[in-house]
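Enquirer: I'd like to go over a predicted model; first the sequence, then the structure.
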Amino acid sequence: MRWGILAGLGLLACLLGAQTPPANEPPTNVYPGELLPPGLRDIDRAKTLMIGTFPFAYLLSNWGYDFYYYANKNFDQNFTPWPLGQGTASLTGAELQDKYKTLIISSLVLSGALALLDFILGLLEPPPGPRIDPPDADANPEG
């Protein structure tokens, strides 16, 4: 066992040591997002926002559902929302399946609404000018 680990670490060291450094290529000012057409860039941004906001939307939807269920059950102590109580943990199979369907749909709608709001706000702001990189400190002979 010990020899296998040592052999694996030795092989890893050989592979890492055999890598060649990247060639010195001039830097480009093309960024991956700028390679896409504007329509696809907006779709990519919306997709990223939806994926990123979904867990937070799910958490907020879950809390909202627990508070709604608690109020709908006339503030019964058996349904006190989590973290103060068990919340909707005592639901049966059919009720629990309905809860999860509701949570996923509401989370998707909330995430989509945030992506749509970002798209609308992006339309309202003026388009950015050309990208100007700051001057390189090594290229300045005076400084």
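Expert: Yep, it's here.
Enquirer: Could you give the number of residues near residue 115?
Expert: Counted with other CB atoms under 10 Å, the neighbours of residue 115 add up to 21. Yep, even glycine has a C-beta here, placed from its N, CA and C like the rest.
Enquirer: Leaving aside the residues adjacent along the chain, what's closest to residue 50?
Expert: residue 111 (4.4 Å; CB to CB, 6 or more residues apart in numbering).
Enquirer: repeat for residue 91
Expert: That would be residue 99: by CB to CB, 6+ apart, it lies 6.2 Å from residue 91.
Enquirer: for the helix or strand hosting the one you found, which positions count as buried?
Expert: Using DSSP states H and E, residue 99 maps to helix 93-124. For helix 93-124, a neighbour-count test (16 or more other CB atoms under 10 Å) marks 99, 103, 106, 107, 110, 111, 112, 114, 115, 118 as buried.
Enquirer: Just the helices from this structure, written as ranges.
Expert: 2-17, 38-72, 93-124 (DSSP state H).
Enquirer: how about these in CSV, adding distance to residue 83 and mean pLDDT?
Expert: Converted to CSV, the helices of the chain look like this (distance: least, CB to CB, whole Å; pLDDT from 0 to 100):
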stretch, distance to residue 83, mean pLDDT
helix 2-17, 44, 75
helix 38-72, 10, 88
helix 93-124, 17, 90
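Enquirer: Adding distance to residue 87, write those helices out as CSV.
Expert: Compiled in CSV, the helices of the chain are given as follows (distance: least, CB to CB, whole Å):
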stretch, distance to residue 87
helix 2-17, 46
helix 38-72, 4
helix 93-124, 10
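Enquirer: Which of the ones you listed sits closest to residue 78?
Expert: helix 38-72 (9.5 Å; CB to CB).
Enquirer: Flag every buried residue along that closest one.
Expert: In helix 38-72, counting by 16+ other CB under 10 Å, buried: 42, 45-46, 49-50, 53-54, 57-58, 61-62, 65-66, 69-70.
Enquirer: quick revisit: quick one: the residue nearest to residue 91 and residue 65 touch, right?
Expert: Yes: in this structure, residue 99 is within contact of residue 65 by CB atoms under 8 Å, at 6.3 Å.
Enquirer: Alright, calling it a day.
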